[in-house]
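Chemist: Any chance you can model this:
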Amino acid sequence: MNFDLSQDQKVLSDTAASFAKKESPVTRLRAMREDRVGYSKEIWKKMGELGWLGVLMPESLGGFAGTFQDAALILEKLGTTLVPEPYIASVVLAGSAILSLGNDEQKKRWLEPLIAGDASLALAYAERESRFDPLSVATRARKNGKSYRITGQKVVVLNGHAADAIVVSARTSDGDYGISAFVVDPKTPGLSARPIKTMDGHRAAMLAFEEVEVAADGLLGPEGRAGAALERAVDLAAAAACAEGVGIMQTVLDMTSNYLCTREQFGVKIGTFQALQHRCVDMFVETELAKSASMMASIKADDPDEVERKAGISAAKAQLAVSGRFVTQQAIQLHGGIGVTDEHDVGLYFKRMHVLNTLFGDEEYHLARFASLPTFTTGL
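Modeler: Purely as a prediction, here's the structure:
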């Protein structure tokens with residue numbers, strides 16, 4: 001197979017790399033850590049103008065009808081400077097859910113402003129007892145005439161503190177086909193959001209729904225049939241986390257290599273010490289392993305075969321957990337005492353990697369899911 005980037009993909013990757021370096025260096029994340037929103041609406045608008053927010057969207061909505069590989073190229077470069085804008089939360093999670101479930105009017109209403117960079121979205125699916133499973137839903141939505149009323153709680157909703165619209169999963173009936181998805185205005189009475197800080201300097205929200213009324217046109221797709229679309233949205237987010245993680249690992253590897261070539265001890269560059277060279281080589285190997293797995297995940301993300309999609313993405317997410325942890329931990333240790341201080345950037349990359357490894361399923365979850373798939377259990 002030919003894994004070389006097309007000319008358009010090379011331009012996209014180079015543009016994203018240049019944008020991240022010029023518009024959002026790591027110093028910007030440091031400044032945004034104490035900001036109430038945690039990212040800039042102006043930078044978000046620029047991403048829309050560049051077409052990045054519409055990469056996964058059809059041309060009929062103003063998007064570019066690209067592949068997930070195109071989005072992965074953008075995410076990888078955003079990871080190199082820890083760009084804090086909610087690309088995964090808005091475009092990959094909530095955006096893909098609306099695209100899968102919504103009718104033409106709903107897509108136009110909520111996705112066109114997103115594509116233009118005039119609005120952001122959030123997907124509220126995780127609950128205290130769900131343990132990474134988007135189909136484990138205790139939040140309830142009961143019909144009330146021509147509307148629905150939602151009651152329940154959602155935890156760690158990415159961009160839930162600042163989204164213009166929130167996609168919420170709720171159970172409308174018991175059984176396998178009882179999960180529905182609704183788009184809720186965050187200003188709706190009965191919906192309360194408690195903003196929280198995550199360890200990587202980003203923002204999220206804990207949401208509580210108390211008889212939150214949603215009109216019938218807020219229901220996405222047929223009632224009780226949102227489960228598969230929610231699973232796919234979370235899978236795409238896991239693949240997106242892998243792509244961003246690769247950008248982090250490559251940056252940390254380069255940062256560490258440069259440090260070893262400049263730091264002196266006993267009158268010589270510490271990069272000349274063979275033991276440290278071996279550890280740097282191990283970091284390179286793990287980075288390449290994660291990069292290859294992420295590439296596979298980005299290809300399988302568009303696969304109509306559910307088993308193939310889950311296998312590819314779970315394998316990549318498990319690999320990221322191992323490789324990402326190793327590379328960032330080694331980077332801190334090789335930087336010595338300065339590596340554990342907040343003043344050095346390597347710690348920021350370590351924290352973001354730790355969060356990415358936990359979001360959308362950790363190593364244990366994805367290993368168990370991979371092992372449960374028919375392609376593994378039957379050997380086919």
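
Chemist: which stretches of the stretch 51-200 of the chain form strands?
Modeler: 121-124, 140-144, 147-158, 165-171, 179-184, 191-197 (DSSP state E, counting those that start in this stretch).

Chemist: In the longest one, which residues are buried?
Modeler: In this case it means strand 147-158. Going by neighbour count (16 or more other Cβ atoms under 10 Å), the buried part of strand 147-158 is 148-152, 154-158. To be clear about C-beta, it is placed using only N, CA and C from the backbone, and glycine gets the same treatment.

Chemist: quick one: which two of those residues are the most distant?
Modeler: 149 and 158 (24.8 Å; Cβ to Cβ).

Chemist: coming back round to it: tell me which of the strands of the stretch 51-200 of the chain is the most buried.
Modeler: Across the strands of the stretch 51-200 of the chain, averaging neighbours per residue (mean count of other Cβ atoms under 10 Å) puts strand 121-124 on top, at a mean of 29.

Chemist: tell me which strands and helices that one is in contact with?
Modeler: Other elements packing on strand 121-124 under the criterion 3 or more Cβ pairs under 8 Å, 6 or more residues apart in numbering; DSSP states H and E are strand 147-158, strand 165-171.

Chemist: Output those strands as JSON lines; include the columns mean pLDDT and distance to residue 26.
Modeler: Output for these, formatted as JSON lines (pLDDT from 0 to 100; distance: least, Cβ to Cβ, whole Å):
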{"stretch": "strand 147-158", "mean pLDDT": "96", "distance to residue 26": "20"}
{"stretch": "strand 165-171", "mean pLDDT": "97", "distance to residue 26": "29"}
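
Chemist: Quick one: closest of the ones you listed to residue 103.
Modeler: Among the helices and strands packed on strand 121-124, strand 165-171 sits nearest to residue 103 (Cβ to Cβ), with 14.4 Å.

Chemist: In terms of secondary structure, what does the closest one contact?
Modeler: Against strand 165-171 (3+ Cβ pairs under 8 Å, 6+ apart) you get strand 121-124, strand 140-144, strand 147-158, strand 179-184, strand 203-215.

Chemist: Would you mind saying which of the helices and strands packed on strand 121-124 lies nearest residue 364?
Modeler: Of these, nearest to residue 364 by Cβ to Cβ is strand 147-158, at 18.0 Å.

Chemist: the inter-axis angle of that closest one versus strand 165-171?
Modeler: 110 degrees (axes from the mean of the first three to the mean of the last three Cα atoms, to 10 degrees).

Chemist: Can you pull out the low-pLDDT segments for this protein?
Modeler: Scanning the chain for pLDDT under 70 picks out the ranges 1-2, 264, 270-272, 377-380.

Chemist: rewinding a little: so for residue 244, which of the strands of the stretch 51-200 of the chain sits nearest?
Modeler: The nearest among the strands of the stretch 51-200 of the chain, by Cβ to Cβ, is strand 147-158 at 12.7 Å.

Chemist: ok, back up a step: with respect to residue 365, which of the helices and strands packed on strand 121-124 lies nearest?
Modeler: strand 147-158 (15.2 Å).

Chemist: Tell me how many other residues surround residue 339.
Modeler: By other Cβ atoms under 10 Å, the residues close to residue 339 number 19.

Chemist: roughly how far is stretch 42-55 from the heart of the chain?
Modeler: 17 Å (Cα atoms, centre = their mean, to the nearest Å).

Chemist: so who does the one residue sitting closest to the centre of the chain touch?
Modeler: The residue lying closest to the centre of the chain (Cα atoms, centre = their mean) is residue 88, at 3.8 Å. By Cβ atoms under 8 Å, 6 or more residues apart in numbering, residue 88 lies in contact with 75, 158, 237, 240-241, 244.

Chemist: quick one on the thing from earlier: now render the helices and strands packed on strand 165-171 as TSV, adding distance to residue 375.
Modeler: Formatted as TSV, these follow (distance: least, Cβ to Cβ, whole Å):
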stretch	distance to residue 375
strand 121-124	28
strand 140-144	35
strand 147-158	30
strand 179-184	25
strand 203-215	34
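
Chemist: which stretch among those strands comes nearest residue 32?
Modeler: strand 203-215 (9.1 Å).

Chemist: Send me that closest one as PDB with only the CA atoms.
Modeler: In PDB, the C-alpha atoms belonging to strand 203-215 read as follows (Å, rounded to 0.1, in the frame of the first residue of the first chain):
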ATOM      1  CA  ARG A 203     -11.700  23.200  30.400                       C
ATOM      2  CA  ALA A 204     -14.700  20.900  30.700                       C
ATOM      3  CA  ALA A 205     -18.000  20.900  32.600                       C
ATOM      4  CA  MET A 206     -20.100  18.700  34.800                       C
ATOM      5  CA  LEU A 207     -23.700  19.000  33.600                       C
ATOM      6  CA  ALA A 208     -26.900  18.400  35.500                       C
ATOM      7  CA  PHE A 209     -30.300  18.100  33.800                       C
ATOM      8  CA  GLU A 210     -33.500  18.700  35.900                       C
ATOM      9  CA  GLU A 211     -36.500  18.300  33.700                       C
ATOM     10  CA  VAL A 212     -34.800  20.100  30.900                       C
ATOM     11  CA  GLU A 213     -37.400  20.600  28.100                       C
ATOM     12  CA  VAL A 214     -36.400  19.900  24.500                       C
ATOM     13  CA  ALA A 215     -38.600  20.500  21.500                       C
END
